[in-house]
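Novice: Test case, fold it:
(chains A, B and C)
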Amino acid sequence: MTVITLTTDFGLRSGFVGIMKGVIYGIAPQVKIVDISHAVAPQDIREGAFTLQRAVPFFPAGSIHVYVVDPGVGTQRRPLAARLGDHYFVGPDNGMLTPFIEEAEQNKKSVEFVHLNNPKYWLPKVSRTFHGRDVFAPVSAYLASGVSLNAFGPRITDPVLLELPRPIKTEHGWTAHITVIDTFGNLATNLPAALLRGWSDIRVHLRGVEIIGLTESYGHKQPGDLIALVDSEDYLEIAVVNGSAAQKLGAAVGDSVEVVYR
Amino acid sequence: MTVITLTTDFGLRSGFVGIMKGVIYGIAPQVKIVDISHAVAPQDIREGAFTLQRAVPFFPAGSIHVYVVDPGVGTQRRPLAARLGDHYFVGPDNGMLTPFIEEAEQNKKSVEFVHLNNPKYWLPKVSRTFHGRDVFAPVSAYLASGVSLNAFGPRITDPVLLELPRPIKTEHGWTAHITVIDTFGNLATNLPAALLRGWSDIRVHLRGVEIIGLTESYGHKQPGDLIALVDSEDYLEIAVVNGSAAQKLGAAVGDSVEVVYR
Amino acid sequence: MTVITLTTDFGLRSGFVGIMKGVIYGIAPQVKIVDISHAVAPQDIREGAFTLQRAVPFFPAGSIHVYVVDPGVGTQRRPLAARLGDHYFVGPDNGMLTPFIEEAEQNKKSVEFVHLNNPKYWLPKVSRTFHGRDVFAPVSAYLASGVSLNAFGPRITDPVLLELPRPIKTEHGWTAHITVIDTFGNLATNLPAALLRGWSDIRVHLRGVEIIGLTESYGHKQPGDLIALVDSEDYLEIAVVNGSAAQKLGAAVGDSVEVVYR
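Specialist: Predicted coordinates for the structure are as follows:
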């Protein structure tokens, strides 16, 4: 049994996601399909990358992750498949795998990339605007059925990489950035909690407000309180208890967050 | 084959729900996972309870229902698992199971509750903010794999109970409450149709309007008409034919509805 | 293994879709269930028909498609099941199958319709407002389990047909109509690209703007550009690169689009 995950910016209204599942089950009826998100902001490869980065580690080894945030569909951008450590990926060569490539390098995991150019594993007719259906869905299903990575096309070694914002050391702390805003309006940042260890007294500044100290969890303060805490991925998070920090602060993905040690 | 259902206030944007499924399939690849709703209003345990109450009876005996509406995550609130009659439940001890506990008592079904305190069945590292992923998902998967309820922790007998609004008898009828608003803007109430039997002539008052009599179904009146009818769970419902009663009346969950017999 | 698809206007908030899946798995635990869309505009049979039409061809032969856009629930409208070529359908007799019936006729595929009137294959208690749960879900599950179409009720030959807008030949081109608006705000029309072949120089007029010529794909123009192209189903589409044509033009399903050959 193999899990195939789907991450797209398709939304759930038009049936595009269901169509991809129809294609997959037609080729590989034995797989389990899991939706990670179909509400990535349209064409936002960076948000897609962060969403995938948080989800993939919790899937079984051998899972196949199909990602389709694809403003370049129908142009010369390459379709690709990859193995990064224990996980497989299928989607456009647009940088969305950057966090996994960096992590694999840091941990010396083996990696493989292939350029999908063998139409034998595509739908018979390939449109110019929906490679999720015509290329990526069938390739993921054949991969789940045991076809080896090399059958899909030639090896490549130069996948597109994305410039991802990193926390910057300042004189008295760090400049971090908001990476993901969840349903609750909680603001995840790119600052690993490890960089905060031993900081009993921090100040967080963003959008004109100051938050003093870290809170253990939402339930340790009163509804409406603006707090800083360590999120479920071990990064700094800004939240409003039982409310929306995004709405309260008018915050957006990419906003900078100053963390000051005092 | 066991069904595991998921009911949360996570929304579908951030990938949290997909992550829980990844954890479950990693432990119990044989299960079927069904989403009941991930659009419970944030932190609204009462709405979560009503949503679960309507859905659970239509699942096969032996199903495992994971619910995560959890404002108290990371505090002292207990994580629990329960068997109530033929169904299993896994989630925070926050009252969301109240309708099932009451129903089990009324029908003298056997019940069991355990306090989840055995980390053997959790993810190796448990965050302070995402027990859906770290505790409830893996526990549900081990339960589906045949681990007995007692293995997860000690029996408890004092689960938290919620104060749920009940219909109140008035001189000439009942005061009911809106419990659920569906996608169409239909307003479900907590007044069982059984209490209306034989009432050939009723008046329903809410938010300054009066509805005369019960209608058989939406198609029996004209588009735009405001009607009262018996919903699919046998409760009184207020609706606008091919429209939204919630929008037309500005109604909200918890609003009272006066039913008068004449 | 059989795939059952679901297409409704239920939304994902109230748990109705999850309930249908509970009923299906209770009867047919071996099936795979795929959501096509639950965000069809409320009661909009036409939008439901277009959504199904685009999705069904990508599912394996033998799939069972349950559709519930059902303003007539609880009235005399017939519940039906159908076989149209290689695919099965279960839902209200309201015209939503029109595109498939027309396609089957054109291609001389065999068709069968039955009026669902055998309560043996329904839930024991049938409500007046939720036949998706009480009739269509269980019938689809029994069908997937091998019960033959004739067991569900008598053959009928007069299913309701919908009047669908067709492109109209004009002196210098075609009048087309917007049929589907997707998550990105792209506007699909009912004009097959085959009717545009060889037209090296076309003008598209809608809502007071003119688009000159066809573009190969989104990535061939600049972000913000309004373009006409051939969509993934081989129909004329209007789009804004990395933006929303629906929002930019205030366009709606049903709007006419003039295509002029010069």
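Novice: Low-confidence stretches in the stretch 1-150 of chain A?
Specialist: Within the stretch 1-150 of chain A, not a single segment meets pLDDT under 70.
Novice: Quick one: name the residues of it near chain B.
Specialist: Residues of the stretch 1-150 of chain A lying near chain B by Cβ under 8 Å from any Cβ of the partner chain: A:1, A:3, A:5, A:7, A:12, A:32, A:34-39, A:51-52, A:54-55, A:58-60, A:63. In this view, the C-beta of every residue, glycine as well, is placed from N, C-alpha and C.
Novice: Kindly provide the distance from the residue in the stretch 151-262 of chain A that chain B sits nearest to to residue B:6.
Specialist: Residue nearest to chain B within the stretch 151-262 of chain A: residue A:217 (2.5 Å; Cβ to the nearest Cβ). Residue A:217 sits 22 Å away from residue B:6, going by Cβ to Cβ, to the nearest Å.
Novice: ok, those two, which is more surrounded?
Specialist: residue B:6 (25 against 19; other Cβ atoms under 10 Å in any protein chain shown).
Novice: Could you report the neighbour count for the nearest residue in space to residue A:70 that is not next to it in sequence?
Specialist: Distances taken as Cβ to Cβ, 6 or more residues apart in numbering or on different chains place residue A:92 nearest to residue A:70, at 4.6 Å, with adjacent residues excluded. Applying other Cβ under 10 Å, we find 25 residues neighbouring residue A:92.
Novice: try residue A:62
Specialist: Residue A:62 is flanked by 13 other residues according to other Cβ under 10 Å.
Novice: do the same with residue A:94
Specialist: For residue A:94, using other Cβ under 10 Å, the count is 24.
Novice: all helices of the stretch 51-200 of chain A, in order?
Specialist: Using DSSP state H, counting those that start in this stretch, the helices of the stretch 51-200 of chain A run over A:98-106, A:131, A:137-144.
Novice: circling back to that earlier point, ok, now which ones touch the residue of the stretch 151-262 of chain A closest to chain B?
Specialist: Counting by Cβ atoms under 8 Å, 6 or more residues apart in numbering or on different chains, residue A:217 touches A:229, B:73, B:74, B:75, B:128, B:129.
Novice: Against residue A:241, how distant is the fourth one?
Specialist: Okay, so that is residue B:75. 11 Å.
Novice: one step back: near chain C, which of the contacts of residue A:217 show up?
Specialist: Of those, not one also sits near chain C (Cβ under 8 Å from any Cβ).
Novice: Narrow the residues you listed to just the buried residues.
Specialist: A:229, B:73, B:74, B:128, B:129 (16 or more other Cβ atoms under 10 Å in any protein chain shown).
Novice: Greatest separation within these: which pair is it?
Specialist: For the buried ones among the contacts of residue A:217, the farthest-apart pair by Cβ to Cβ is A:229 and B:73; their separation is 11.2 Å.
Novice: which residues are common contacts for these two?
Specialist: Contacts common to residue A:229 and residue B:73, judged by Cβ under 8 Å, 6+ apart, are A:217, A:218, B:128, B:129.
Novice: you'd agree residue A:95 is up against residue A:162?
Specialist: Yes: using Cβ atoms under 8 Å, residue A:95 is in contact with residue A:162, at 3.3 Å.
Novice: Give the residues shared as contacts by these two.
Specialist: Contacts common to residue A:95 and residue A:162, judged by Cβ under 8 Å, 6+ apart, are A:45, A:49.
Novice: out of those two, which sits in the busier spot?
Specialist: Comparing residue A:95 with residue A:162 by other Cβ under 10 Å, the one with more neighbours is residue A:95, at 19 against 16.
Novice: got the phi/psi numbers for that one?
Specialist: Note on residue A:95: its backbone torsions stand at phi 100, psi -10 [degrees, to the nearest 10].
Novice: For it, give its distance to chain C.
Specialist: 15 Å (Cβ to the nearest Cβ, to the nearest Å).
Novice: Can you name the residues that contact that residue?
Specialist: Residue A:95 neighbours (Cβ under 8 Å, 6+ apart): A:45, A:49, A:159, A:160, A:161, A:162.
Novice: Please name the bridge partners of the nearest residue to residue A:215 once chain neighbours are set aside.
Specialist: Setting aside the residues directly before and after it, residue A:215 is nearest to residue A:227 in space (Cβ to Cβ, 6+ apart), at 4.2 Å. On the basis of DSSP bridges, residue A:227 is bridged to residue A:239.
Novice: Distance-wise, check residue A:227 relative to residue A:219.
Specialist: On the measure of Cβ to Cβ, residue A:227 and residue A:219 end up 11 Å apart.
Novice: Looking at these two, which is more packed in?
Specialist: Taking other Cβ under 10 Å, residue A:227 and residue A:219 do not tie; residue A:227 has more neighbours (23 against 20).
Novice: OK, contacts around the more buried one?
Specialist: With Cβ under 8 Å, 6+ apart, residue A:227 has these contacts: A:211, A:215, A:218, A:221, A:238, A:239, A:240, A:241.
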